[in-house]
Every structure is written in structure tokens, then in C-alpha cells.
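Chemist: here's a sequence, model it:
(one chain, ligands or ions: 2)
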Amino acid sequence: MTPLFTTLTMKKIARGKKMEQIKALRCLKCGKEHQENSVRYTCPACGVEGILEVLYHYDKISINRESLKADRDPSLWRYSPLLPIKERPINPPLQVGWTPLYPVEKMRRELGLKKLFVKDDGRNPTASLKDRASAIGLLKAVEAGAKILTCASTGNAASSWAGAAAASSLDFETIIFLPEAAPIAKIAQLMVFGATVFAVKGTYDDAFDLAIEASNAFGWYNRNTAYNPYLVEGKKTVAYEICEQLNWNAPDKVLVSVGDGCIVSGVYKGFYDLKEMGMIDHIPQLIAVQAEGSASIMNALEGDGVIRSVKAETLADSISVSIPRNGMMAVRDIRNSKGFALSVSDEEILEAIAYTGKHGGVFAEPAGATSIAGLKKLIEQQKLDPDESIVAIVTGNGLKDVASAVKAAGKPFSIEPKLENVRQVLGL
Ligand SMILES: *Cc1c(COP(=O)(O)O)cnc(C)c1O
Ligand SMILES: [Zn+2]
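Modeler: Ligands and ions are numbered 1, 2, ... in the order given. I've put the predicted structure just below:
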């Protein structure tokens, strides 16, 4: 595709019309509503805990099943009227969204679920669902007149941010903070996209705080999750697609892997929007799947609803968080959907990587396969109805973390190039 996110288009975005579709940005903590252009990140009165939610005037939004049917654009921009952007970008540089929803026949047979689907969001340009958020984030950065972009990340948010910046026609600089233990492929992506990368001697949580400190000190535009209010608005498009791909029959249940809790809230927001617009008749039950070693959202849901930090320990790096930054909103949204959470062990996650590959042809990174690990566990516990329509989202591609894939699926037979060796190994 040609790099046509031209400077001219960018300028138009910056100057463009007022966003009539947006009602306000509402603080999750104190409930105060702010004007869209009056605040950049969180509620000034509540600080980092005052995460802002974008509220819409649904009656001013013109989009419906028919208009979408006529739209040939296989990307998230088909939902532009429902996004916090001034106008639909012309010739966007990366193709984000409209990832496949597979009917996974073999898994259906194996698991005894008649209407199971896998949404493979590892098919996004930088190979994770985070591309959806970065696509919106980039337009907001342009509106804000930003030149230097930053974020903290376990790896995927950063690589999607750096990829989006690299693909645009503007000369953004990206400065990234991530824990030094991040999988090498994610770091490699960042280097290839030309980011300046700080591998922080510490955890993701340490990198998160440092990125906010640095963006405040130096005036960089920050894409930290649950800090920048527009990212959830990108993530919600995965729910739009699921409904559209199912011909507007919203599924009964959706399984999502959960770390900070932004994706699950994005998924909720997507279904919520469609319900408000009268495009679906119910909001699916959300099932949040966490790693045993990083399960504070599950703990809160099963306890008093209050988020308490844990000492995160799991090989699923993308969901390894001690303090889930969007915990409060995630708990509220999972409850509103009448959903629940469960946790799975690292061993179950590894098994799910091999299972999803072998029975679905989908290669998932550990956090991506976590939803499938949750699915398998619920089947063992007989908590799923064979006739329910169930979607498991695979949030990231397996090539992001090859070391874990090898752990999951084993090593090949090492042989001399002789037919005899093939015979021997296969017992032929
Ligand atoms: C970020 C990420 C998640 C978790 O999303 P949260 O918003 O942190 O809950 C899951 N899987 C992958 C592959 C991710 O990159
Ligand atoms: Zn507030």
C-alpha cells in the first residue's frame, strides 16, 4: 500500500470540525464530565486514577447495518462515526482490524461446542490487538500537534505504537519504556520501527510510572494504557467486528485474556455502543481469563470488588501486571455483562498454545492463548452449554514469543539427511 497518510490529510485532521458525536469525557472515579478538548489524559482532580471514558451522543451518530454492508473497507475505519476522531482518515497507512473470525471446526468437534469461533487478532499489522488502540492514538497525537510519542508497555502496545508512527507520513519520534525481560521479538519489532528503546531494569509497573514521569517532564505524547482515554475506543472495534461478522447476532459469551483490563473494557464498550445504537439485542457475557500469577481482577471480582496489587509472575508477559491500571473499570464492565473471571496456570497456557495451533491453525503468543486455556478449563468444569455461541479472542501472534512456543510444542527430530533415519523415527 502506498504511504498516503499525507501531511495534508494530517493537517486537515488537526484543523477539522468539532466532534459532534462526543458528549463528554467522564471520570471513572469522581464522575465529573470534562469537555473533549479541555483535558488530555486523566481527570485533573483525581490524577492517574481518574481514568476518563468517552461518552457519545448516540442519536447524532449515523451508522447502521446497511451503511456498513455497503462499506468495502476491511479495516476498523469502517466504524469511524463511532470513534472519537474528527474525520475518517483517507488512505490510512496500515491496515488495522477486520481480522478473521474462524469457525474452528476441529476445535468445535473436539470440545463439543457447536458455535465456537476464534477471533484471530494476531493478524493485525504488528501482530496484536494493540494496533487498534494505536491507530486511534496516532490520530489523537496528530490533533494534539505531538512530535514525540512515548509509552510504557510489556511489548505489544509499544510495538504497535512505534509501527503506527513509522507508517505515518509525519516524522514522529518514538521513545519506549519496557521491562528488560520483554520477549526479544517484541524488542526487535521496536528497533526495526526505529524507536528509541529503554529496557528498564524493573517490572512493567516501573516502566509505566517512568513513562508518565518522562512525558510530563518533556512534553511527549503518551500512549500509556488506562491513562490516555482514547485507546479503549480503538480496542472496542474488535467487538463491532465480531457482531458484524456474525451478521449482528451477538454471541452469548466472549473470552478475553486480561492483564491491565483495558481490552476487556474495550470489548464491553463495543457491545455497549452497538446495543445503544439498536444494532444488537444483548451484551454478551464477558469471561475474563487471567494468569494465576497475575489475577488481581479475578480476585476483586470474587471478593469485595476492590483491586489489590499482586506480585505478578507468569510467562504470559502481556498479561503480567502487578497493579492492573484499568482494574476498576474492568470489574465494573465484567459485572455489567453478567460475566465472570477465572485464572489458568502457565502450564495450561502453554498447553493452549499447542492446542490452538494444532486444532485451529492459529499461532498464539501466551497471552493470546490464555483465552483458549480458559475455554478448555470451563469445558472441563462443564460450565459451557454446547449450543451457546462463544467467541474466544486471540489477542497476539505466536511469533512474538517463540521461546514460549518451543516450550509449548517441543523440538523437532534432529536427523542426518538419510531415509533410514526417517524410517527409524516413524517406525516404518
Ligand atoms: C495487552 C495484551 C493483553 C491484555 O490486555 P489488557 O488490556 O492489559 O488486559 C492480552 N493479550 C495480548 C497479546 C496483549 O498484548
Ligand atoms: Zn475525577
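Chemist: going forward, measure contacts and count neighbours with C-alpha atoms only.
Modeler: OK.
Chemist: which residues does the residue of the stretch 51-200 of the chain found nearest ligand 1 contact?
Modeler: Residue nearest to ligand 1 within the stretch 51-200 of the chain (C-alpha to the nearest ligand atom): Asn156, separated by 4.8 Å. By C-alpha atoms under 8 Å, 6 or more residues apart in numbering, the contact set of Asn156 is Ser128, Lys130, Lys186, Ser318.
Chemist: how far away is it from Tyr268?
Modeler: When C-alpha to C-alpha, to the nearest Å is the yardstick, Asn156 and Tyr268 sit 21 Å from each other.
Chemist: swap in Thr150?
Modeler: 27 Å.
Chemist: assumed Ala45 was part of a strand.
Modeler: No. With DSSP: H, G, I helix; E, B strand; the rest coil as the criterion, Ala45 is coil rather than part of a strand.
Chemist: how many other residues sit next to it?
Modeler: Using other C-alpha atoms under 10 Å, Ala45 has 12 neighbouring residues.
Chemist: go on, Val118?
Modeler: 24.
Chemist: torsion angles phi and psi at it?
Modeler: Here is the backbone geometry of Val118 (degrees, to the nearest 10): phi -120, psi 120.
Chemist: let me see the contact set for it.
Modeler: Per C-alpha under 8 Å, 6+ apart, neighbours of Val118: Leu101, Tyr102, Pro103, Val104, Val391, Ala392, Ile393, Val394.
Chemist: one more pass at 10 Å, please.
Modeler: 100-104, 107, 242, 254-255, 356, 360, 362, 371-372, 390-394 (C-alpha atoms under 10 Å, 6 or more residues apart in numbering).
Chemist: so which bits of the stretch 1-150 of the chain are right by ligand 1?
Modeler: Ser128 (C-alpha under 6 Å from any ligand atom).
Chemist: show me the shaky parts of the stretch 1-150 of the chain.
Modeler: In the predicted model, the stretch 1-150 of the chain carries pLDDT under 70 at residues 1-17.
Chemist: all helices of the stretch 301-428 of the chain, in order?
Modeler: 327-336, 346-360, 366-380, 402-409, 419-426 (DSSP state H, counting those that start in this stretch).
Chemist: looking at those helices, which is nearest to ligand 1?
Modeler: helix 366-380 (4.4 Å).
Chemist: Thr356 contacts Leu375, correct?
Modeler: No. Thr356 is beyond contact range of Leu375, at 11.1 Å (criterion: C-alpha atoms under 10 Å).
Chemist: what's the overlap in contacts for the two?
Modeler: Joint contacts of Thr356 and Leu375 (C-alpha under 10 Å, 6+ apart) are Ala369.
Chemist: and these two? Which one has more around it.
Modeler: Using other C-alpha under 10 Å, the more surrounded residue of Thr356 and Leu375 is Leu375, with 25 against 21.
Chemist: so how far is Glu302 from that one?
Modeler: From Leu375 to Glu302 the distance is 19 Å (C-alpha to C-alpha).
Chemist: at the contact with ligand 1, which residues of the stretch 201-350 of the chain appear?
Modeler: Close to ligand 1, as judged by C-alpha under 6 Å from any ligand atom, the stretch 201-350 of the chain has residues Ser257, Val258, Gly259, Asp260, Gly261, Cys262, Ile263, Ser318, Ile319.
Chemist: rerun that using 5 Å as the cut-off
Modeler: By C-alpha under 5 Å from any ligand atom, the part of the stretch 201-350 of the chain that sits against ligand 1 consists of Val258, Gly259, Asp260, Gly261, Cys262, Ile263, Ser318.
Chemist: what helix or strand is the closest residue to the first one other than its chain neighbours located in?
Modeler: In space, Val258 comes closest to Gln290 once its chain neighbours are excluded; the distance is 5.3 Å by C-alpha to C-alpha, 6 or more residues apart in numbering. Taking DSSP states H and E as the criterion, the element that holds Gln290 is strand 285-291.
Chemist: and that strand with helix 327-336, angle?
Modeler: Angle between the axes of strand 285-291 and helix 327-336 is 140 degrees (criterion: axes from the mean of the first three to the mean of the last three C-alpha atoms, to 10 degrees).
Chemist: ok and strand 285-291 relative to helix 346-360, angle-wise?
Modeler: Using the same axes, to 10 degrees: strand 285-291 against helix 346-360 is 120 degrees.
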